[in-house]
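Undergrad: Need coordinates for the below:
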Amino acid sequence: MGPTQSLIEHKALELLDTYSGANNYILYLQQKKISSKKFYPTRSQSDYIILYYDVTPKVARKWVELDSYFAKKFAEEKYLLETPSQIYIEKLLVEKEKSYHVWGKFFEKDNLSEFWIPKSALIKTHNVKPVQIDYTKYNHRPPLEHQKIAIEKLAGSKRFILADDMGLGKTTSTIIAALETGAKKILIVCPASLKINWQREIENYSSRPVFIAEGKKYSTDEDFVIVNYDILKNFHDTKDKENSLLQKTNFDLVILDEAHMISNVQAQRTKIINNFVKTIDRVWLLTGTPMTSRPMNYYNLLNIIESPVAQNWMAYAIRYCQGYQFKAGNRKVWNVSGASNLEELRDRTSKQVLRRLKENVLDLPEKIITPVYLRLKSKQYEDLMGEYYNWYENKTEESQSLTVQFSKLMKVRKVIANEKINQTIEFAENILEQGKKVIIFTNFTDTLQMIYHHFGKQAVYLDGSCSNSMRQQAVDSFQNDEKIKVFVGNLKAAGVGLTLTSAEVVIMNDLSFVPAEHSQAEDRAYRYGQKSNVLVYYPLFENTIEGAIYDILSKKKKIINTVMGDEPQEELGDVLEEILNLINSKK
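TA: Purely as a prediction, here's the structure:
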């Protein structure tokens, strides 16, 4: 025995002589010393006595549910005759980073004893606190009944996943819930294409200031901060948290939209989020992606909300992902691509995850039309609009003709359509991830071909150049072939007479100046044989002529009857004149 060891053991023995605390394990060692002059503590016992001599145990006196994986391990290691489902904790003697030293028992009939238990073995019960909400303050845009359920679950929870199907209004529910919590500082993390949408939705319900982070521009002054996943790294460094702008803002609530984007734990944005949200009081995750398709994709989401099932990665992998190890060269690798015990996974996460499908929600309209607001940065657009306004102001004879005005704006509309391709593709890919088929309409051949070629073998297209046989083949493939997920159509050629009910989502890449064309095109999916609610999305550059057109028509309550509805054909000339007058007044 070395001199240092001897000193440690002797110090432990001296401390035992004077110990008068309530740690049952130290009291047990003290009693052993009293009853045997030959007693000499081991090194680990000595370290324990010295480290925890002054630590006061916490009295618990309660039964706590055990994780099934650890329960089986305890049964094997301690030779228990049956697998325990709970553990009785009389006292927490010591708390370490990943474990507790407990004075307790596994079964009612047992005597109390000391043992170590991993924190991840104890299941935390999540309770949604009841909240009373006065919905009359939202009468100008009242939430639907199914949204009220989401609002109250979010507002009553610290950590929660709202996993409703697309089209059920997760954004609206979340904003009202956020306002009801009284949170002073709220961070919203979302894809870049949804930032303007979040801002507009907040402004529907609150006058509190909103800041949209762009590039490296950031502000701590506003109540709401909206940032996209791709630029998180500009505001938070996992290795330098003291200088983190996100950390310094002291957010009360973090909302992670399209949260399936942080399922890959190796991705930089996931590491940033995981590192940052640990200290946040409330964290809500929104995703329309089904929770049962590939359980490992959801481990990180469940871990962020501190779900009991995600406290131990290995247990989760084995139980819900059919996880197993195999050798790859000199190292062991886990295969976690499977799925198992999914009903149990749903049951065990149900208190912290709300998932509803459109077909199960009764208060929805059969066709849901949603604008998605974007911002355009394009010198080409600005130059073309400048040229148009210069031409119009010259007051030549031809500039008074609606037909000539319409044709002059064709280049502008093409620029808008092409600039929107990336956002439309991103939006469509998100829909495909959720296992749904999508129809994309555009007015322009070049735009159609670029979108079609992006999706390749997953897509079919239909434009004015297609023969009748090609036309029918595209429709049949989309309707009947599970591998064909995307139908890209020219608004005029594909917007009439087709049945495309295997899709429940329609995206209008760009606006027509002929309102009835949109109504017809929307109803390619919304026809006899459609068993789901149809979602129609209009991505709109709000700072362009199309944003202005859409907004003005919406305010006049013509969004359904005019731009996307049933305006009689004889009024189309009047509508076109109104649209062009609006554009000409915007210069």
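
Undergrad: what sits against the residue nearest the centre of the chain?
TA: Closest residue to the average C-alpha location of the chain: Ala259 at 2.6 Å, with C-alpha atoms, centre = their mean. Contacts here follow C-beta atoms under 8 Å, 6 or more residues apart in numbering; on that basis Ala259 touches 161, 285-287, 301. C-betas here are computed from N, CA, C, even on glycine.

Undergrad: if we go to 7 Å?
TA: 285-287, 301 (C-beta atoms under 7 Å, 6 or more residues apart in numbering).

Undergrad: same thing with Thr287?
TA: By C-beta under 7 Å, 6+ apart, Thr287 lies in contact with 161, 163, 258-260.

Undergrad: and Arg61, how many neighbours does it have?
TA: 9 (other C-beta atoms under 10 Å).

Undergrad: That one falls within a strand, correct?
TA: Yes: counting by DSSP: H, G, I helix; E, B strand; the rest coil, one finds Arg61 located in a strand.

Undergrad: Pull the most distant pair out of the contacts of Ala259.
TA: Leu286 and Leu301 (10.4 Å; C-beta to C-beta).

Undergrad: Show me the contacts of Thr287 that map onto strands.
TA: If you go by DSSP state E, those have Ile161 in strands.

Undergrad: Please flag which of the contacts of Thr287 sit within helices.
TA: Counting by DSSP state H, no part of those is found in helices.

Undergrad: from the contacts of Thr287, which is closest to Glu82?
TA: Ile161 (33.8 Å).

Undergrad: Quick check, pLDDT for that closest one.
TA: pLDDT, Ile161: 96.

Undergrad: same deal with Lys278?
TA: The model reports Lys278 with a pLDDT of 89.

Undergrad: Name the SS class of the residue in the chain sticking out farthest from the centre, please.
TA: Most distant residue from the mean C-alpha position of the chain: Lys37, 63.7 Å away (C-alpha atoms, centre = their mean). Following three-state DSSP, the label given to Lys37 is coil.

Undergrad: Any buried residues in stretch 123-142, and which?
TA: For stretch 123-142, a neighbour-count test (16 or more other C-beta atoms under 10 Å) marks 123, 126, 128, 133, 138 as buried.

Undergrad: Dump those to TSV, plus pLDDT.
TA: Formatted as TSV, the buried residues of stretch 123-142 follow (pLDDT from 0 to 100):
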residue	pLDDT
Ile123	73
His126	74
Val128	83
Ile133	95
Tyr138	95
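
Undergrad: Those residues: which two are farthest apart?
TA: Ile123 and Tyr138 (36.3 Å).

Undergrad: where along the stretch 151-300 of the chain do the strands fall?
TA: Taking DSSP state E, counting those that start in this stretch, the strands of the stretch 151-300 of the chain run over residues 159-162, 186-190, 210-212, 224-228, 253-256, 282-286.

Undergrad: Quickly note the distance from Gly323 to Met410.
TA: Using C-beta to C-beta, to the nearest Å, we find Gly323 at a distance of 57 Å from Met410.

Undergrad: The two: which has the busier surroundings?
TA: Higher neighbour count among Gly323 and Met410: Gly323, with 20 against 12, using other C-beta under 10 Å.

Undergrad: Not counting its neighbours along the chain, what's nearest that one?
TA: Leaving aside its sequence neighbours, Gly323 sits nearest to Ala317 (C-beta to C-beta, 6 or more residues apart in numbering; 3.2 Å).

Undergrad: Next one: the one you found relative to Val333, how far apart?
TA: Distance, Ala317 to Val333, using C-beta to C-beta: 12 Å.

Undergrad: The two: who's more crowded?
TA: Ala317 (21 against 11).

Undergrad: quick one, what contacts the more buried one?
TA: By C-beta under 7 Å, 6+ apart, the contact set of Ala317 is 296, 323, 334, 336.

Undergrad: Widest-spaced pair of those?
TA: Met296 and Trp334 (9.4 Å).

Undergrad: more crowded one of those two?
TA: Met296 (21 against 15).

Undergrad: looking at it, the more buried one is touching Cys321, isn't it?
TA: Yes: if you go by C-beta atoms under 7 Å, Met296 and Cys321 touch, sitting 4.8 Å apart.

Undergrad: Identify the contacts common to the two.
TA: What both Met296 and Cys321 touch, as defined by C-beta under 7 Å, 6+ apart, is the set Val336.

Undergrad: for the stretch 151-300 of the chain, what spans make up the helices?
TA: For the stretch 151-300 of the chain, the helices defined by DSSP state H, counting those that start in this stretch cover 170-181, 195-205, 245-248, 268-277, 299-304.

Undergrad: domains of the protein?
TA: 3-62+91-119, 135-360, 367-585 (automatic domain parsing).

Undergrad: what bits of the stretch 401-550 of the chain have low per-residue confidence?
TA: Across the stretch 401-550 of the chain, the ranges flagged by pLDDT under 70 are 514-516, 528.

Undergrad: one step back: helix, strand, or coil at the residue nearest to Gly323?
TA: Put simply, Ala317 is helix when judged by three-state DSSP.

Undergrad: Per-residue pLDDT of Leu286, please?
TA: Leu286 is given a pLDDT of 96.

Undergrad: what sits opposite it in the beta ladder?
TA: Leu286 forms beta bridges with Leu162, as assigned by DSSP bridges.

Undergrad: what mean pLDDT does the strand or helix carrying Asp347 have?
TA: Element membership for Asp347 (DSSP states H and E) is helix 342-349. Per-region confidence: helix 342-349 scores 85 on mean pLDDT.

Undergrad: now swap in stretch 16-25 and tell me
TA: Averaging pLDDT along stretch 16-25 yields 94.

Undergrad: so how far does that stretch reach from one end to the other?
TA: One end of stretch 16-25 sits 11 Å from the other (C-alpha to C-alpha, to the nearest Å).

Undergrad: now it, how far from the chain's geometric center?
TA: Offset of stretch 16-25 from its chain centre (C-alpha atoms, centre = their mean, to the nearest Å): 50 Å.

Undergrad: and what of stretch 521-530?
TA: Its chain's average C-alpha position is 29 Å from that of stretch 521-530, according to C-alpha atoms, centre = their mean.

Undergrad: Export that stretch to CSV, keeping only CA atoms.
TA: Extracted in CSV, the C-alpha atoms of stretch 521-530 (Å, rounded to 0.1, in the frame of the first residue of the first chain):
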residue,chain,number,x,y,z
ALA,A,521,-56.1,23.1,-61.8
GLU,A,522,-56.7,22.8,-58.0
ASP,A,523,-59.6,20.4,-58.7
ARG,A,524,-57.4,17.9,-60.6
ALA,A,525,-56.8,16.4,-57.1
TYR,A,526,-60.1,17.5,-55.6
ARG,A,527,-62.4,15.2,-57.6
TYR,A,528,-64.7,12.2,-57.2
GLY,A,529,-62.6,9.4,-55.7
GLN,A,530,-60.5,11.7,-53.5
